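Peer 1: Sequence below, structure please.
(one chain, ligands or ions: 1)
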Amino acid sequence: MQSPRRNAEGRPLGTCDPSSSGSPAHGGGSRFEFQSLLSSRMPGADPTSARLRASESPVHRRGSFPLAGAGSSQALPPQLPEEDRIDLNPSFLDIALRSLLAIDLWLSKKLGVCAGESSSWGSMRPLMKLLEISGHGIPWLLGTLYCLSRSDSWAGREVLMNLLFALLLDLLLVSLIKGLVRRRRPAHNQMDMFFTISVDKYSFPSGHTTRAALVSRFILNHLVLAIPLRVLVVLWAFILGLSRVMLGRHNVTDVAFGFFLGYMQYSIVDYCWLSPRTAPVLFVLWNQP
Ligand SMILES: CC(C)=CCC/C(C)=C/COP(=O)(O)O
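Peer 2: Presented below is the predicted three-dimensional model:
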């Protein structure tokens, strides 16, 4: 007759010491059999596979599986780095943020209909890229500098000087936040943007969107425009933001925060408004009509 299989302490599997035998508290019956099967291997018999099992199990990741330490401190699984552990007790805020992130990724993928030539709206891609150029920093900076050099009125120079300040502030803040947050662009994005700087490999926030919100608020406040043109300016900013997601350049939250940041940046510019009275040096330097 075949002899029963034994655990590391020499006890046949399916039995245990008298103090724990059959007690539900100690996991009697078949559950005990499972436990003794584990313990027959774990405490020193095969430390390598014990460690492997420990790292595979989410319970072991918490370092709280009772059998792991049974009888020997050597058998305790190694503590994993914090980021590798599964948090079994997340806070409400944690759950809310993770859900928002999941919705953001899902929606951004769904809306990324011009992300490639073969995408469902791939034929619209050239139009979206035209919109992209309309919100790029280079044409706005060069255009403002050109107008500043051609302006022959104090009022015009003051407005353009502040637009230049706004554009530079925007570049600075967006680069700073992109460098701090370091959120990668969506996986479906093709990195074929014209003239980017190093932080532009990151996506949060959308620089085109901050510029669109900032510039459109600036224009609405400092240019006298007919109503249809004012509507056009707002539409341009909105469609430019949307096109960032459609092109696959950004997630929805990058664009939403971009609108918010651009809007707030205008408030900063308005608060620090440069004029011949507040910044005389700047205006004297540019006083060559
Ligand atoms: C180098 C200059 C002057 C501007 C860079 C403009 C640019 C490529 C920004 C990235 O925008 P998104 O964050 O919307 O992709």
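Peer 1: Contacts only, for the residue of the stretch 51-200 of the chain found nearest the ligand.
Peer 2: As assessed by C-beta to the nearest ligand atom, the ligand sits closest to residue 137 within the stretch 51-200 of the chain, at 2.9 Å. Any C-beta I mention is one placed from the backbone N, CA and C, and that applies to glycine too. Residues in contact with residue 137 (C-beta atoms under 8 Å, 6 or more residues apart in numbering) are 167, 170, 171, 207, 211.
Peer 1: list the contacts for the first one?
Peer 2: When contacts are counted by C-beta under 8 Å, 6+ apart, residue 167 is found next to 137, 140, 141, 144, 211, 214, 215.
Peer 1: Stretch 199-210: end-to-end distance?
Peer 2: 15 Å (C-alpha to C-alpha, to the nearest Å).
Peer 1: which residues touch that stretch?
Peer 2: 132, 135-137, 170-171, 173-175, 177-179, 181-186, 189, 191, 193, 237, 240-241, 244, 249-251, 253-255, 257-259, 261-262, 265.
Peer 1: Going by distance to residue 93, which of the contacts of residue 137 wins?
Peer 2: Closest approach to residue 93 among the contacts of residue 137 (C-beta to C-beta): residue 207, at 28.2 Å.
Peer 1: Which residues of this structure lie near the ligand?
Peer 2: Taking C-beta under 6 Å from any ligand atom as the criterion, the chain approaches the ligand at residues 136-138, 141, 171, 193, 195-197, 200, 206-208, 244, 249.
Peer 1: among those, which are in helices?
Peer 2: 137, 138, 141, 171, 207, 208, 244 (DSSP state H).
Peer 1: Can you tell me which of the contacts of stretch 199-210 are buried?
Peer 2: 132, 135-137, 170-171, 173-175, 177-178, 183, 185-186, 189, 193, 237, 240-241, 244, 249-251, 253-255, 257-259, 261-262, 265 (16 or more other C-beta atoms under 10 Å).
Peer 1: what stretches of the stretch 151-289 of the chain score poorly on pLDDT?
Peer 2: 287-289 (pLDDT under 70).
Peer 1: for it, what spans make up the helices?
Peer 2: 154-181, 207-222, 227-246, 252-271, 280-285 (DSSP state H, counting those that start in this stretch).
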